[in-house]
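> I would like to see how this sequence folds:
(one chain, ligands or ions: 2)
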Amino acid sequence: MSSVRVFAPAKINLFLHVVGRRPDGYHLLETAFRMLAHGDWITLTRREDGAIHRTSTLAGVAEESDLVVRAARLMQTRTNSRFGVDIAVEKKLPMGGGLGGGSSDAASVMLGLNRLWGLGIGRETLQQWGLTLGADVPFFLFGQSAFAQGVGEKLQPLSLPPACYVVVEPPVAVPTGQIFTADDLTRDTEPTIIARFPELPTRNDLELVARRLFPEVDAAIEMLGAFGEARMSGSGSSVFLRCADASEARKLVAKLPSGTQAWIAESLDRHPLFDWADSDQ
Ligand SMILES: C[C@@](CO)(OP(=O)(O)O)[C@H](O)COP(=O)(O)OP(=O)(O)OC[C@H]1O[C@@H](n2ccc(N)nc2=O)[C@H](O)[C@@H]1O
Ligand SMILES: Nc1ncnc2c1ncn2[C@@H]1O[C@H](COP(=O)(O)OP(=O)(O)O)[C@@H](O)[C@H]1O
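Ligands and ions are numbered 1, 2, ... in the order given. You can find the predicted model right below:
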């Protein structure tokens with residue numbers, strides 16, 4: 001095998017509570033992550049000369065700072081692999097959309113190279129390495145619905161019934177750092193008892209700040225909220241709503257104002273590349 005085409009799913013945060021702040025300024029979170037069957041596609045072609053290249057373009061993101069290239073370099077450095085790779089990304093997920101697109105791309109590159117370069121690295125090790133690229137990366141490597149603590153790196157599996165979601169992408173990219181540094185962000189939500197989720201009331205603590213700073217996010221929540229409990233994912237900008245089934249989702253999307261960027265996706269219980277990580281000894 002010298003080439004693979006791999007999927008990089010979106011994630012949504014079913015809730016996100018800010019429960020504290022670390023001395024380095026990073027925020028301690030409690031969140032429930034779930035993957036959706038909608039995402040980017042990445043083709044990895046092995047190179048024998050050790051070079052790592054991105055062969056597609058991504059507006060505003062230079063090759064060396066692209067998370068797919070950084071993920072490949074990380075794998076090469078940590079394993080001393082002699083191989084290189086050409087990486088082509090078919091980008092479907094919006095940047096700054098709160099759907100974890102960049103993190104998911106990075107995780108799929110790590111899993112893809114684990115197989116393409118014949119590395120056999122264990123899942124927990126990959127999760128530790130992935131955290132250096134971004135807080136959402138360990139979740140995608142974990143590969144199943146999860147309750148997360150810390151900055152998102154302490155993960156435990158979460159059993160959720162299958163569900164269908166409508167996702168609206170407002171026409172704005174939200175810079176995560178701007179939301180976390182806002183003066184009016186509340187940082188003292190009581191820690192949740194995971195055993196009592198989903199009965200306990202939850203929310204996204206980042207939502208109020210994002211709505212204030214980005215009117216497009218506020219408008220999307222208002223619009224989708226007319227049909228049920230619409231919630232923002234992560235630091236925004238995307239907004240999601242759970243529907244009874246795909247048929248209800250399609251009827252809902254048909255009622256949205258023309259020009260709305262919206263899509264429907266089923267939940268994804270297991271990452272399609274789950275088996276591409278070994279278990280740690
Ligand atoms: C909020 C979440 C929830 O899943 O996802 P997104 O909505 O971005 O997808 C993540 O925690 C996003 O984590 P991550 O992807 O690592 O965030 P980055 O873009 O690196 O963070 C940008 C900046 O946000 C702040 N930040 C980020 C995460 C965190 N737990 N506390 C913070 O204070 C830091 O100032 C950091 O420099
Ligand atoms: N492969 C990539 N895909 C998306 N964004 C990337 C990628 N590589 C680097 N980035 C940078 O990461 C930022 C966050 O992107 P993304 O993960 O898509 O959004 P979010 O964290 O809101 O879900 C982007 O604005 C971009 O500057």
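> residues touching Val69, list them.
52-54, 63, 87 (C-beta atoms under 8 Å, 6 or more residues apart in numbering). All C-beta spots, glycine's among them, are computed from the backbone N, C-alpha and C.
> so where does it fall, helix or strand?
According to DSSP states H and E, Val69 maps onto helix 67-79.
> tilt between the helix or strand that that helix is followed by and helix 67-79?
Once helix 67-79 ends, the next helix or strand along the chain (criterion: DSSP H and E) is strand 84-90. Computed with axes from the mean of the first three to the mean of the last three C-alpha atoms, to 10 degrees, the direction of strand 84-90 lies at 150 degrees from that of helix 67-79.
> sorry, back to before: redo the contacts of Val69 as TSV? Include neighbour count, distance to Ser145 and secondary structure.
What follows is those, written out as TSV (neighbours: other C-beta atoms under 10 Å; distance: C-beta to C-beta, whole Å; DSSP: H, G, I helix; E, B strand; the rest coil):
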residue	neighbour count	distance to Ser145	secondary structure
Ile52	22	32	strand
His53	14	34	strand
Arg54	19	30	strand
Glu63	15	33	helix
Ile87	23	27	strand
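> so the helix holding Val69, near ligand 2 or not?
Yes. Using C-beta under 6 Å from any ligand atom, helix 67-79 reaches ligand 2 at 67-68.
> what comes up buried for that helix?
67-72, 74-76, 78-79 (16 or more other C-beta atoms under 10 Å).
> let me see the mean pLDDT of that helix.
Helix 67-79 comes out with an average pLDDT of 98.
> backbone dihedrals for Lys255, both of them.
phi -90, psi -10 (degrees, to the nearest 10).
> what sits against it?
Phe227.
> please tell me the pLDDT value assigned to the residue nearest to the spatial centre of the chain.
Nearest to the mean C-alpha position of the chain, by C-alpha atoms, centre = their mean, lies Gly100 at 2.5 Å. Note on Gly100: pLDDT of 98.
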